[in-house]
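Participant: Structure for this input, please:
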Amino acid sequence: MIGGLLTGIAASPWVRSALRYGAIALATLLFLVALRRSGERAGRLAERLETAEKANEIQRRMLEAAARRPRDRDDLAERLRDGQF
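Facilitator: You can find the predicted model right below:
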């Protein structure tokens, strides 16, 4: 009974046209939502990459500073006397 009624309604040309445009509008809406989510995800990944790069730069500076430090107290005293520290 219901199947026959839906078949009869869908047989009308204007209903088929409305269904077609509705399906196109729904597909476009879903595409735009997916595109927005993808953009948000890419933004978060770019922010995470930037944060990691900053942390790596800070760590690199710390390692360079540690490589230049005085080896012992005598080396520290010598640097202080020479005015290099």
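Participant: all helices in the chain, in order from the N-terminus.
Facilitator: Secondary structure of the chain (DSSP state H): helices at 2-10, 13-67, 73-82.
Participant: Can I get the ones you listed in JSON lines including mean neighbour count and mean pLDDT?
Facilitator: (C-beta placed from N, C-alpha, C; glycine too.) Converted to JSON lines, those look like this (neighbours: other Cβ atoms under 10 Å; pLDDT from 0 to 100):
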{"stretch": "helix 2-10", "mean neighbour count": "9", "mean pLDDT": "58"}
{"stretch": "helix 13-67", "mean neighbour count": "10", "mean pLDDT": "95"}
{"stretch": "helix 73-82", "mean neighbour count": "11", "mean pLDDT": "89"}
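Participant: I'd like the distance from residue 41 to residue 48, if you could.
Facilitator: According to Cβ to Cβ, to the nearest Å, residue 41 and residue 48 sit 11 Å apart.
Participant: Correction: the previous question concerned residue 23.
Facilitator: 38 Å.
Participant: now do residue 16
Facilitator: 48 Å.
Participant: try residue 64
Facilitator: 25 Å.
Participant: which residues sit in contact with residue 57?
Facilitator: Residues near residue 57 by Cβ atoms under 8 Å, 6 or more residues apart in numbering: none.
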